[in-house]
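S.K.: coordinates only, sequence not included:
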RNA sequence: GGACGGGUGGGUGAGUGGUUAAAGCCAACAGACUGUAAAUCUGUCCAUCCUUGCGAUGUACGAAGGUUCGAAUCCUUCCCCGUCCA
């Protein structure tokens, strides 16, 4: 059981501020969760993540950690928190996203998903029940139900068939989870995932059926799979209000910095995305003045910090010229400095939003953000 | 002085008579990235012109000349570089 304490709600938009109590700390929402697929947020130490960035919760991935090093190994080593030396909360994705991203390596059946390992080709059956067990072996604070992240575009029929299966999987996974939890003392949660492709009717249908599970929180998945941005937002807008008022709502896999407020305005409490970390490694840095593609020749002798308004270690200590040099030279330090900055930017945006919701000024904040043209993009 | 080997576009390095403005790699310059098979992937990369096209023209494989319908590729001379022998 996960307690969610709603602290404030914007009277104009649907934005909310709250506290999510987990077995590994209290999470202030709205929250952004850095992605650490393989038990590490690439390029950043858990110390930086916790201390200077002050991330309260990160994501890890069931499919990847199951294949390597294996959930039983992680269990024997004391669980994922201890294994990766991360004392704060962890949310694990079920492998549902790999149904989408590794579509050529899997086969969907009623029982679950048969994956052929991208590492060595071995076949592994992922079921609603087995993915719960694996995530509990990790010691995940928030586990996700096995779902099918459907590619875009999909026909209404394809979307319905897929969604219905995801709902059946959610029921099975949840039943198994409840049974398992009878014997487990520590608090864990299992979130079902609303699917339905880009059809608002299906989304609502799916949400209504998943509500019967009375889960501790609900996710909206199947977004950012190639559809236009407005569509993703429309789907969230159609779904979020149907989800329980007193429980956290999590939109999976979003988004660009300027999109974060849009989701929060639609009543979203939790988000995660690889963009800040992956783009950092690829030289795309998010600043308060827009994107900086650090490899551009114009930064060759730019002595300014990446973002003068940013207080991160990278911006306080290094010039754009130096960051560009590290990038061009293929130096490993670049990934670290860039990721620290991008994550700081995302987490700062979340903190700003939370503050404004608590102060009752979120509508002004949202207007201000919307009126800024997205620079360099 | 002699004997070999070699000089290719910013670098490296394929190419030994015919879709070769010349492979590949690197560098350089851009673009992409949304529950991470990503420290990855894609494009451009001689010049000028335009009706931006598997376009036109010019220039280009050390230099000059020659053979040939056609040469980076064959011949001659010269200039460089490397290795070895005196």
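M.R.: Yes, it's here. Owing to the predicted nature of the structure, the values given are computational and were not obtained by experimental measurement.

S.K.: so for whichever residue of the stretch 51-200 of chain A sits closest to RNA strand B, what's the pLDDT?
M.R.: When scored by C-beta to the nearest atom of the strand, the stretch 51-200 of chain A has residue A:149 as its residue closest to RNA strand B, at 2.2 Å. C-beta coordinates here come from the backbone N, C-alpha and C atoms, glycine included. With respect to pLDDT, residue A:149 has a value of 98.

S.K.: give me the neighbour count for it.
M.R.: 25 (other C-beta atoms under 10 Å).

S.K.: then residue A:64?
M.R.: For residue A:64, the count of nearby residues is 16 (other C-beta under 10 Å).

S.K.: quick one: the helix or strand where it lies to chain centroid distance?
M.R.: Using DSSP states H and E, the element containing residue A:64 is helix A:62-67. Relative to the centre of its chain, helix A:62-67 is centred 17 Å away, using C-alpha atoms, centre = their mean, to the nearest Å.

S.K.: is stretch A:186-205 up against RNA strand B anywhere?
M.R.: Yes. Residues of stretch A:186-205 contacting RNA strand B under C-beta under 7 Å from any atom of the strand: residue A:193.

S.K.: quick check: end-to-end length of that stretch?
M.R.: 33 Å (C-alpha to C-alpha, to the nearest Å).

S.K.: buried sites along the helix or strand just after the helix holding residue A:64?
M.R.: Under the assignment DSSP H and E, the closest C-terminal helix or strand after helix A:62-67 is helix A:71-76. By neighbour count on 16 or more other C-beta atoms under 10 Å, the buried set for helix A:71-76 is A:71, A:74-75.

S.K.: which residue, other than its chain neighbours, is closest to residue A:89?
M.R.: Spatial nearest neighbour of residue A:89, chain neighbours left out: residue A:57 (3.8 Å); criterion: C-beta to C-beta, 6 or more residues apart in numbering.

S.K.: beta partners of residue A:114?
M.R.: residue A:107, residue A:125 (DSSP bridges).

S.K.: so it versus residue A:98, what's the distance?
M.R.: Distance from residue A:114 to residue A:98, counting by C-beta to C-beta, to the nearest Å: 12 Å.

S.K.: please say which of the two ends up with more neighbours.
M.R.: residue A:98 (21 against 15).

S.K.: and the more buried one, what does it touch?
M.R.: Residues near residue A:98 by C-beta atoms under 8 Å, 6 or more residues apart in numbering: A:61, A:63, A:106, A:115.

S.K.: now with 6 Å?
M.R.: By C-beta atoms under 6 Å, 6 or more residues apart in numbering, residue A:98 lies in contact with residue A:63.

S.K.: please, which helix or strand holds it?
M.R.: Using DSSP H and E, residue A:98 maps to helix A:96-101.

S.K.: quick one: that helix near RNA strand B?
M.R.: Yes. For a cut-off given as C-beta under 7 Å from any atom of the strand, helix A:96-101 has contacts with RNA strand B, namely A:96-98, A:100-101.

S.K.: turn these into CSV, including pLDDT.
M.R.: Below are the residues of helix A:96-101 next to RNA strand B laid out as CSV (pLDDT from 0 to 100):
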residue, pLDDT
A:96, 98
A:97, 98
A:98, 98
A:100, 97
A:101, 97
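
S.K.: and the residues you listed, which of them are buried?
M.R.: Listed as buried from the residues of helix A:96-101 next to RNA strand B are A:96-98, A:100; burial here means 16+ other C-beta under 10 Å.

S.K.: remind me, longest helix of chain A?
M.R.: Assignment by DSSP state H gives helix A:332-359 as the longest helix of chain A.

S.K.: now that one, how far from the centre of its chain.
M.R.: That offset, for helix A:332-359, works out to 14 Å (C-alpha atoms, centre = their mean).

S.K.: packing partners for that helix?
M.R.: Helix A:332-359 sits against strand A:16-22, strand A:31-34, helix A:275-281, strand A:284-287, helix A:313-317, helix A:320-328, with contacts defined as 3 or more C-beta pairs under 6 Å, 6 or more residues apart in numbering; DSSP states H and E.

S.K.: deepest in the core, which of these is it.
M.R.: Highest mean neighbour count among these (mean count of other C-beta atoms under 10 Å): strand A:31-34, with a mean of 24.

S.K.: tell me the mean pLDDT over the next helix or strand after it?
M.R.: Toward the C-terminus, strand A:31-34 is succeeded by helix A:46-50 as the next helix or strand (DSSP H and E). In this model, helix A:46-50 has a mean pLDDT of 98.
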